[in-house]
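[1] mind looking at a prediction? Sequence and model below.
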Amino acid sequence: MVAFDPSVCDLCEAAKMTEWYFEDDVCWIAECEFCAVPMVVWKLHDPAPSEEIKALLHGHLADVVAERFGWEYYVDDNMRNIPDHYHAHARRRDAFFGGAVARRVP
């Protein structure tokens, strides 16, 4: 397992190409470049976090959705394009897959 090795994968690179909502020592949350929904990325290059780590990651994702978006969502952690680095998307329940998401107006 390697932490933040940009030569390994795009998620390790963590390029700030879209809006970022949160970052700490464990993860970062940003708008997914491909599907325009909030996505949490574990900073460790590993596809299988413990249940404790998953709960922490999903909790941060829930906080971002509640604060910035305010809609019902489900966690989609089917890692289609990058299967070897854990990440999960917050997909809006009442939108089609990959549909645009409205942000809450401050």
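    Good, I have the coordinates.

[2] show me the contacts for the residue nearest to P83 when sequence neighbours are not counted.
    Counting by C-beta to C-beta, 6 or more residues apart in numbering, the nearest residue to P83 once its immediate chain neighbours are dropped is P47, at 6.3 Å. For the C-beta atoms, the positions are set from N, CA and C on the backbone; glycine is no exception. When contacts are counted by C-beta atoms under 8 Å, 6 or more residues apart in numbering, P47 touches 79, 83-86.

[3] quick one: which two of those residues are the most distant?
    Within the contacts of P47, two members stand farthest from each other by C-beta to C-beta: P83 and Y86, at 9.6 Å.

[4] and the two? Which one has more around it.
    Counted by other C-beta atoms under 10 Å, P83 and Y86 do not tie: Y86 has more neighbours, with 23 against 10.

[5] thought the more buried one was touching L56?
    No. With the criterion set as C-beta atoms under 8 Å, Y86 and L56 do not qualify as a contacting pair; they are 11.7 Å apart.

[6] and C27, how many neighbours?
    Neighbourhood size, C27 [other C-beta under 10 Å]: 21.

[7] was I right about it contacting P38?
    No. C27 is beyond contact range of P38, at 11.7 Å (criterion: C-beta under 8 Å).

[8] just for this structure, where's the confidence low?
    Along the chain, segments meeting pLDDT under 70 span 1-8, 96-106.

[9] where do the helices sit along it?
    10-13, 51-64 (DSSP state H).

[10] what's the most buried one of the ones you listed?
    Stretch with highest mean neighbour count among the helices of the chain: helix 10-13 (a mean of 17; mean count of other C-beta atoms under 10 Å).

[11] please save the CA atoms from that one in PDB.
    In PDB, the C-alpha atoms belonging to helix 10-13 read as follows (Å, rounded to 0.1, in the frame of the first residue of the first chain):
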ATOM      1  CA  ASP A  10      -5.100   9.700 -10.800                       C
ATOM      2  CA  LEU A  11      -6.600   9.600  -7.300                       C
ATOM      3  CA  CYS A  12      -3.200   9.500  -5.700                       C
ATOM      4  CA  GLU A  13      -2.200  12.500  -7.800                       C
END
